[in-house]
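A.B. asks: Got a predicted model here, sequence first, then my questions.
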Amino acid sequence: MTSRTRSTGSHARSRLGASPAVPERGVGSELRDSLTRHALRLVEEHGPDGLTLRAVARAAEASHNAPYIYFPGGVIELLAVVAIHGFEAFIAALEHSPVKSDPVERTHEVVRRYVRFGVERPQLYRAMFHARLADSLENPDDSTLPAARAPETFLTLRMLKVEAYELLVAPLFALESKGSLRAGNPREFGLAVAALAHGLVGEFIDEGLEGRASRLQPWSKPRREMTAAITDMLLHGLLATPARL
């Protein structure tokens, strides 16, 4: 990931915290923060599909109108704000020090951290990639969509998604620079890494593995072993001269 990506993402995130133009009874950003905290809690406890503005207002002991003042894009914007917090935590997990210097080991590491985050915080992970966000992310200029009423929120979310992807693809560019990657575009190969990690999270949180053991310990030994084995298979296909990994 380039320093330009990081600085731009940080700038967008700092602007997101600005107070709304019309605060409720002078409360300012404190009420917005409270609404956001309660939205995060409700999503992590009950999942993103049940998120409503009324439920969040009730949990925050605010008026029913308060969420509409602070989230003009409605419940979709509130879901996007939850996703932003999710991606910030996700990126922090991927970047957590120390990181492996060897690009093969780093690829294993980012996939492992990706999957672990998803299985340990499954409802937040579902919110981060929720289908209800797709239209606003893909069509930010469409005046009929929530993104038009909350451009800063959706811009920030788009940038964080890019930032997370750059962390996944960075080890592949390192492999290319060493002459260890097969011919092709590392950024396109990164789609395979992302699909692998995303698919494993989906498999584990929807279908499970080892039943009760994995419910009690989401990042269980069988899941760790499966993640390592499938990452090995992918890398064998991506390396110019596959070796035992």
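C.D. replies: Nice, thanks for sending it over.
A.B. asks: Could you use CA atoms for every contact and neighbour count after this?
C.D. replies: Will do.
A.B. asks: got the contact list for the closest residue to residue 91 other than its chain neighbours?
C.D. replies: Spatially, and ignoring its direct neighbours in sequence, residue 91 is nearest to residue 164 (5.8 Å; C-alpha to C-alpha, 6 or more residues apart in numbering). Applying C-alpha atoms under 8 Å, 6 or more residues apart in numbering to residue 164 gives the contacts 87, 90, 91.
A.B. asks: The first one reaches residue 161, doesn't it?
C.D. replies: Spelled out, it's residue 87. Yes: counting by C-alpha atoms under 8 Å, residue 87 does reach residue 161; the two are 7.1 Å apart.
A.B. asks: Look at these two and report which has more neighbours.
C.D. replies: Higher neighbour count among residue 87 and residue 161: residue 87, with 23 against 19, using other C-alpha atoms under 10 Å.
A.B. asks: Quick test: name the residue nearest the centre of the chain.
C.D. replies: residue 87 (3.5 Å; C-alpha atoms, centre = their mean).
A.B. asks: And it, how far from residue 46?
C.D. replies: 19 Å (C-alpha to C-alpha, to the nearest Å).
A.B. asks: now do residue 142
C.D. replies: Noted for residue 142: a distance of 31 Å to residue 46, by C-alpha to C-alpha.
A.B. asks: Just the buried positions in stretch 217-234, please.
C.D. replies: 218, 219, 220, 223, 227, 228, 231, 232 (16 or more other C-alpha atoms under 10 Å).
A.B. asks: so where does the fifth one fall, helix or strand?
C.D. replies: Think residue 227. Per DSSP states H and E, residue 227 falls inside helix 221-238.
A.B. asks: roughly how far out does that helix sit from the chain middle?
C.D. replies: The chain centroid and the centroid of helix 221-238 are separated by 21 Å, computed with C-alpha atoms, centre = their mean, to the nearest Å.
A.B. asks: And the helices in the protein?
C.D. replies: 3-16, 29-46, 53-59, 66-70, 74-95, 103-120, 122-128, 134-138, 146-149, 151-177, 186-206, 212-216, 221-238 (DSSP state H).
A.B. asks: any idea which of these is most buried?
C.D. replies: helix 122-128 (a mean of 24; mean count of other C-alpha atoms under 10 Å).
A.B. asks: before we move on, the earlier item: so can I have a markdown table of the contacts of residue 164 showing pLDDT?
C.D. replies: Listed next are the contacts of residue 164 as a markdown table, based on pLDDT from 0 to 100:
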| residue | pLDDT |
| --- | --- |
| 87 | 98 |
| 90 | 98 |
| 91 | 98 |
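A.B. asks: Please identify which of those residues is nearest to residue 120.
C.D. replies: residue 90 (11.2 Å; C-alpha to C-alpha).
A.B. asks: And the closest residue in space to residue 128 that isn't next to it in sequence, how far from residue 100?
C.D. replies: The shortest distance from residue 128 to any non-neighbouring residue, by C-alpha to C-alpha, 6+ apart, is to residue 83 (4.2 Å). Residue 83 sits 27 Å away from residue 100, going by C-alpha to C-alpha.
A.B. asks: The spatially closest residue to residue 150 that is not a sequence neighbour: what's it in contact with?
C.D. replies: Nearest non-adjacent residue to residue 150, counting by C-alpha to C-alpha, 6+ apart: residue 73, 5.5 Å away. Residue 73 makes contact with 146, 147, 148, 149, 150, according to C-alpha under 8 Å, 6+ apart.
A.B. asks: Please report phi then psi for the last one.
C.D. replies: Right, the one you point to is residue 150. With angles defined as degrees, to the nearest 10, residue 150 sits at phi -140, psi 60.
A.B. asks: For the chain, name the helix or strand with the lowest mean pLDDT.
C.D. replies: For the chain, counting by mean pLDDT, DSSP states H and E, helix 3-16 ranks last in confidence among helices and strands (a mean of 43).
A.B. asks: Sounds good, over and out.
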